[in-house]
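A.B. asks: give me the fold of what follows.
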Amino acid sequence: MIEEDTIPVISCEGGCLRGEIARLASHIVARERPYSRGCHGEIFTAPRSTMAKWAMKAQKVVVIDGCFLRCHGRIMKNIVGHGNMLQFDALPIYNKGNRYSEIMLVEEVPEAERK
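C.D. replies: Down below sits the predicted model:
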C-alpha cells in the first residue's frame, strides 16, 4: 500500500449499530482508488508496524467515526497529525430524522437496511 501510494481508510468498529454503520461505510469508501482499507488496531497499537508506517507516510488518512465520541479521529490525530487526516462523523448521515438515535444493538436493524 505504501508503494501504491494508497490512502488508508479506518473506521470505528464499536459493538453498537453506530460502529457497524461506520465499518460498512469504510468498506464502501475503500473500494475506490486511491483508497484502501487499513487496520486501526495495528495502527494504534503497533507504531513500528508496516501498517502504522503506511498511515504515517500517506498523503491523507480517512477516518470514519461512528458517534459523537469520535474516538478513532482523536487517536489518529496523535499518530498522523491534524493536517493529513480527513475525519467523518457518520452520526449526522444515519441519524437524519432520528432514525437510529435510540437503537444500540446491531441486530435491531435488518442487515439490508444497515447496508
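
A.B. asks: identify the bridge partners of residue 9.
C.D. replies: On the basis of DSSP bridges, residue 9 is bridged to residue 37, residue 62.

A.B. asks: which residues does it contact?
C.D. replies: 26, 29-30, 35-38, 61-64 (C-beta atoms under 8 Å, 6 or more residues apart in numbering). For every residue, glycine as well, the C-beta is placed using N, CA and C.

A.B. asks: now swap in residue 85 and tell me
C.D. replies: By C-beta under 8 Å, 6+ apart, the neighbours of residue 85 are 60-63, 73, 76-77.

A.B. asks: look up how far residue 115 lies from residue 3.
C.D. replies: Distance of residue 3 to residue 115, given as C-beta to C-beta, to the nearest Å: 32 Å.

A.B. asks: which one's more surrounded, these two?
C.D. replies: residue 115 (11 against 6; other C-beta atoms under 10 Å).

A.B. asks: distance of the nearest residue to the more buried one once chain neighbours are set aside from residue 11?
C.D. replies: With C-beta to C-beta, 6 or more residues apart in numbering as the criterion, residue 115 has its nearest non-adjacent residue at 6.0 Å, and that residue is residue 24. Separation of residue 24 from residue 11 (C-beta to C-beta) stands at 9 Å.

A.B. asks: ok, now residue 61?
C.D. replies: For residue 61, the distance to residue 11 - C-beta to C-beta - is 11 Å.

A.B. asks: pretty sure residue 11 contacts residue 23?
C.D. replies: Yes: using C-beta atoms under 8 Å as the test, residue 11 is close enough to residue 23 to be in contact (5.2 Å).
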